[in-house]
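Engineer: build the 3D model from these lines:
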Amino acid sequence: MYRNSPFRRLVAAVGAPAGPSYPGPVPPLRARAGTVQPSCAVDAGELDTYLDRLTRPETRIDLVVIEASGLAEPQELVRMLLASENPHIVYGGLVEVVDAVEFDATRLRHPEVDRHLGIADLVVVNKADRVPPAQLHRVRETVRGLVDRAAVVSVAQGRIDPELLFDRKAVAERVGQLSFDDLAAGTAGAEAPGHGHLHDGYGTVAFRSARALHPRRLMDVLDGRPEGLYRIKGYVDFGTVDPDHRYAVHAVGRFLRFYPEPWPVEEDRTTGLVLIGTELDAEALTARLDACRIAPEEEPPAEHALWGVLRYVPGPADPDDGSPYPVEEPELPDRV
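Structural biologist: The predicted structure is shown next:
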């Protein structure tokens, strides 16, 4: 992720083993290839404090990656993030990495792996180049039987395209001496010899509509997301039911949020969505979204048709505030 994400600034919070926590404040951050890297480990008790500091606007950090080993059970960390009152934190998904070579042995030593796979949003089967095709197929099929609609992608040497995880963001123009970001940018996206293209293993489906979408029909699509669909991003036009706003969509795994914002001046009022995942049926997904369009002869949806969308808009659960329901969180299994 560090080497191939020159257009984002990210920091990794690495789980510390049991024992004394890192002494002192958050250490200085070192820039490299357009990213930001920390040089410390954290424990679960410190995580809120670290996230509060790292997500302050002045740090200019776009993404925090939490390596959960040594911190806590993954579902507990997810709950902690979803319950956070920090307005700068948005959940970005739970990624589980599977070692294709040691998969069987790891499951025997750590039976909790099956539970972790069951709550993952994305599973990365690593070392796919070090096992025979038949073994890789068996591992993938076993993983598919344990996940709940999660996308599964096979990689070698952990080489996954960061755009599967987050959007690219252009680095602002610099004036003056070249930074480490500039020096590394020329090789940040280079691929090692013998490896396939970084986009292998997943696909995207783009959808655009000049007609507004019916909120209830769109929610039916989002509530029934197919297996392998990992992320959805873009903007939705709900037409006359809320003519003053477009709705930004952020969906990853089970997680869903809408963010209403005023329409930009002089921008065409259209819906534009990008769906990202593995083994997607583009024709079927497009057909389902096409069915959400409001036909010219159709009766415009009533205002209450938007309530299902407003359930996923962050904010106080106060009807006077335009949000008739509290934000719904994805269901996670309890510890077993």
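Engineer: mind listing the helices in the stretch 201-336 of the chain by residue range?
Structural biologist: In the stretch 201-336 of the chain, the segments counted as helices under DSSP state H, counting those that start in this stretch are 215-223, 282-290, 307-310.
Engineer: elements contacting the first one?
Structural biologist: Here helix 215-223 is seen to pack against helix 282-290, helix 307-310 when contacts are counted using 3 or more C-beta pairs under 8 Å, 6 or more residues apart in numbering; DSSP states H and E. Glycine gets a C-beta too; all of them are placed from N, C-alpha and C.
Engineer: single out the most deeply packed of those helices.
Structural biologist: Scoring those by mean neighbour count under mean count of other C-beta atoms under 10 Å gives helix 307-310 as the most buried, with a mean of 20.
Engineer: output the contacting helices and strands for it.
Structural biologist: helix 215-223.
Engineer: just the angle between the helix it packs on and helix 282-290, please?
Structural biologist: Per axes from the mean of the first three to the mean of the last three C-alpha atoms, to 10 degrees, the angle that helix 215-223 makes with helix 282-290 is 150 degrees.
Engineer: ok so, going back, would JSON lines of the helices of the stretch 201-336 of the chain with mean pLDDT and distance to S84 be doable?
Structural biologist: JSON lines is the format used below for these (pLDDT from 0 to 100; distance: least, C-beta to C-beta, whole Å):
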{"stretch": "helix 215-223", "mean pLDDT": "95", "distance to S84": "23"}
{"stretch": "helix 282-290", "mean pLDDT": "95", "distance to S84": "31"}
{"stretch": "helix 307-310", "mean pLDDT": "94", "distance to S84": "21"}
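Engineer: closest one to H88 among these?
Structural biologist: Closest approach to H88 among the helices of the stretch 201-336 of the chain is made by helix 307-310 (22.1 Å; C-beta to C-beta).
Engineer: returning to that earlier point: rebuild the helices of the stretch 201-336 of the chain as JSON lines, extending it with distance to P74.
Structural biologist: Listed next are the helices of the stretch 201-336 of the chain as JSON lines, based on distance: least, C-beta to C-beta, whole Å:
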{"stretch": "helix 215-223", "distance to P74": "23"}
{"stretch": "helix 282-290", "distance to P74": "28"}
{"stretch": "helix 307-310", "distance to P74": "29"}
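Engineer: out of these, the one nearest V11 is which?
Structural biologist: Proximity of the helices of the stretch 201-336 of the chain to V11 was assessed by C-beta to C-beta; the nearest stretch is helix 215-223, lying at 30.4 Å.
Engineer: can you tell me which of the helices and strands packed on helix 215-223 is nearest to V249?
Structural biologist: Nearest to V249 among the helices and strands packed on helix 215-223 is helix 307-310; the distance by C-beta to C-beta comes to 9.6 Å.
Engineer: before we move on, the earlier item: tell me which of the helices of the stretch 201-336 of the chain lies nearest to G93.
Structural biologist: When those are compared by C-beta to C-beta, helix 215-223 sits nearest G93, at 15.7 Å.
Engineer: nearest to V95, of the helices and strands packed on helix 215-223?
Structural biologist: Between V95 and the helices and strands packed on helix 215-223, the tightest spacing by C-beta to C-beta is seen for helix 282-290, at 22.4 Å.
Engineer: what's in contact with stretch 127-138?
Structural biologist: Stretch 127-138 is contacted by residues D99, A100, V101, V125, V139, S154, V155, A156, Q157 when judged by C-beta atoms under 8 Å, 6 or more residues apart in numbering.
Engineer: same check on stretch 293-306?
Structural biologist: By C-beta under 8 Å, 6+ apart, the list of residues contacting stretch 293-306 reads S209, R211, A212, L213, H214, P215, R216, F238, G239, T240, V241, D242.
Engineer: now those in TSV, with neighbour count and distance to H110?
Structural biologist: Below are these laid out as TSV (neighbours: other C-beta atoms under 10 Å; distance: C-beta to C-beta, whole Å):
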residue	neighbour count	distance to H110
S209	17	46
R211	17	51
A212	22	49
L213	25	44
H214	21	46
P215	25	43
R216	17	43
F238	23	46
G239	18	51
T240	11	54
V241	21	49
D242	18	48
